[in-house]
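> Take this sequence and fold it.
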Amino acid sequence: MCDPDGFEASGIVVKAVANGRFLIEMPNGHQAFGVVQKKIKFELSELKTGDKVAVFFSPADMARATILRKMDR
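Sure thing, here's the model as predicted:
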């Protein structure tokens, strides 16, 4: 994890946006923009819509998330 004050959640990639950003939708309907961590960018280069991912949210900004890993369906 990135920060002890934040939290991890799961979501589904809804849309790929420019510059390596993705629109992620949480199970409760909340949508956020997600970016892939630099150290795993190569591993997650093939992310596409419909993929389930684990994301990290900082309590300061709930509109942006960091994509940690791809999850199994």
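> Spatially central, which residue of this protein would that be?
The centroid of the chain falls nearest to Ile67 when counting by CA atoms, centre = their mean (3.3 Å).
> Would it be right to say that it lies in a helix?
No. Using DSSP: H, G, I helix; E, B strand; the rest coil, the assignment for Ile67 is strand, not a helix.
> give me the beta-bridge partners of Phe56?
Counting by DSSP bridges, Phe56 forms beta bridges with Glu8, Thr66.
> picking that back up, shouldn't the residue nearest to the centre of the chain be in contact with Asp51?
No. Ile67 lies out of contact with Asp51 (CB atoms under 8 Å); the separation is 9.7 Å. For every residue, glycine as well, the C-beta is placed using N, CA and C.
> which residues sit against the helix or strand of the chain with the lowest mean pLDDT?
Using mean pLDDT, DSSP states H and E, strand 61-70 stands out as the lowest-scoring helix or strand of the chain, at a mean of 89. For strand 61-70, the external contacting residues (CB atoms under 8 Å, 6 or more residues apart in numbering) are 1-2, 8-9, 11, 22, 24, 30, 32-37, 40, 44, 47, 51-58.
> repeat that for 10 Å
1-3, 6, 8-11, 13, 20-22, 24, 26, 30-38, 40-41, 43-44, 46-47, 51-58 (CB atoms under 10 Å, 6 or more residues apart in numbering).
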